[in-house]
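In: Got a predicted structure here, sequence first:
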Amino acid sequence: MIVIENSRLRSAVKIAVPFMLIPLLVVLGATVFDEQRYLIVSIGVALLSLLLFAAGYEKKPTGSRRMVIVAVMTALCIAGRFIPFFKPVTAITVITAIYLGGEAGFLVGALSALLSNFYFGQGPWTPFQMIAWGMIGLLAGFLANPIKRHKWFMLVYGVLAGIVYSLVMDIWTVIWYDGSFRSELYLTAILTALPHTIMYSVSNFIFLWFMAKPFGEKLERIKIKYGI
């Protein structure tokens, strides 16, 4: 495992990677790079996500143990995408983030999109899925304390996460259709995708309602047992 020991460097990575480097790479991939290079962009996002994850811990043993749990949560996300209609990817990403940190949540969300799309189909949309689920996880980590304390706050966050995911993917839809971003087309895409957006939000609500407590209790026990 890579260890970033300098605290200032870790702080810089935590800001630059999710808010500057990854968004820039995704935008360049959609507007400048050849469309056939989407897999290179996706792998670039994955590597930057790993760098962000490495910036979230100080000691190598702690990071290695956390990485094992992240791998398990990612596998659960991938398996969850095979469930028809309702998919627990966002819920598992949020749960990971609030118990293991926003960096872990970002990595789970990003890797879940990349790895599951080797079955569901890779394409220029993959980096948008990666950044959408990743940022949902990262923000959940920032809001971990109120989310843990108030169940309804967590459920509202899940509903909003479904809306945010859809809004991000609608950006890709407009760029794919028109080759550039136009607000009128974006509004049309939002209205067209409304049934899917509602379904995303409802599924997040349901999965968080049933999964957050049992998953959270197990992750807390693992953290205590292995000193994470």
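Out: Sure, I can see it. Numbers count the residues shown, from 1 in each chain.
In: Quick check: most distant residue from the centroid of the protein.
Out: In the chain, the residue that sits farthest from the middle, by Cα atoms, centre = their mean, is Glu184; the gap is 27.4 Å.
In: What segments of the protein are helices?
Out: Using DSSP state H, the helices found in the chain span residues 7-16, 22-31, 38-54, 60-80, 89-100, 102-120, 126-142, 144-149, 151-178, 183-192, 194-226.
In: Give me whichever of those helices is most buried.
Out: helix 89-100 (a mean of 28; mean count of other Cβ atoms under 10 Å). Quick note: C-beta positions are derived from backbone N, CA and C, even for glycine.
In: residues in contact with Met199?
Out: When contacts are counted by Cβ atoms under 8 Å, 6 or more residues apart in numbering, Met199 touches 85-86, 162.
In: how about the residues you listed in a markdown table, adding distance to Gly29 and pLDDT?
Out: Shown next, in a markdown table, are those (distance: Cβ to Cβ, whole Å; pLDDT from 0 to 100):
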| residue | distance to Gly29 | pLDDT |
| --- | --- | --- |
| Phe85 | 29 | 76 |
| Phe86 | 29 | 84 |
| Gly162 | 24 | 95 |
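In: where does this protein have low pLDDT?
Out: 1-6, 34-36, 58-63 (pLDDT under 70).
In: try 80
Out: 1-7, 32-37, 56-64, 85, 177-180, 226-228 (pLDDT under 80).
In: For the nearest residue to Gly80 once chain neighbours are set aside, grab the count of nearby residues.
Out: Counting by Cβ to Cβ, 6 or more residues apart in numbering, Gly80 lies nearest to Pro88, which is 4.1 Å off, once chain neighbours are set aside. Using other Cβ atoms under 10 Å, Pro88 is surrounded by 22 other residues.
In: Pro88: what's it in contact with?
Out: Pro88 touches 76-77, 80, 203, 207, 211, counting by Cβ under 8 Å, 6+ apart.
In: Name the residues that touch stretch 147-160?
Out: Contacts of stretch 147-160 (Cβ under 8 Å, 6+ apart): 90-91, 94, 98, 140, 143, 146, 201-202, 204-205, 207-209, 212, 216.
In: My error: substitute stretch 73-81 in the last question.
Out: Taking Cβ under 8 Å, 6+ apart as the rule, stretch 73-81 contacts 87-89, 92-93, 95-96, 104, 107-109, 111-112, 115-116, 120.
In: okay, that stretch in CSV with CA atoms only?
Out: Provided in CSV are the C-alpha atoms of stretch 73-81 (Å, rounded to 0.1, in the frame of the first residue of the first chain):
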residue,chain,number,x,y,z
MET,A,73,-18.0,-3.5,-0.1
THR,A,74,-17.1,-3.0,-3.8
ALA,A,75,-17.9,-6.6,-4.5
LEU,A,76,-21.3,-6.2,-2.8
CYS,A,77,-22.0,-3.2,-5.0
ILE,A,78,-21.1,-5.1,-8.1
ALA,A,79,-23.4,-8.0,-7.1
GLY,A,80,-26.1,-5.5,-6.3
ARG,A,81,-26.1,-4.1,-9.9
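In: Can you measure across stretch 86-106, start residue to end residue?
Out: Using Cα to Cα, to the nearest Å, one end of stretch 86-106 lies 21 Å from the other.
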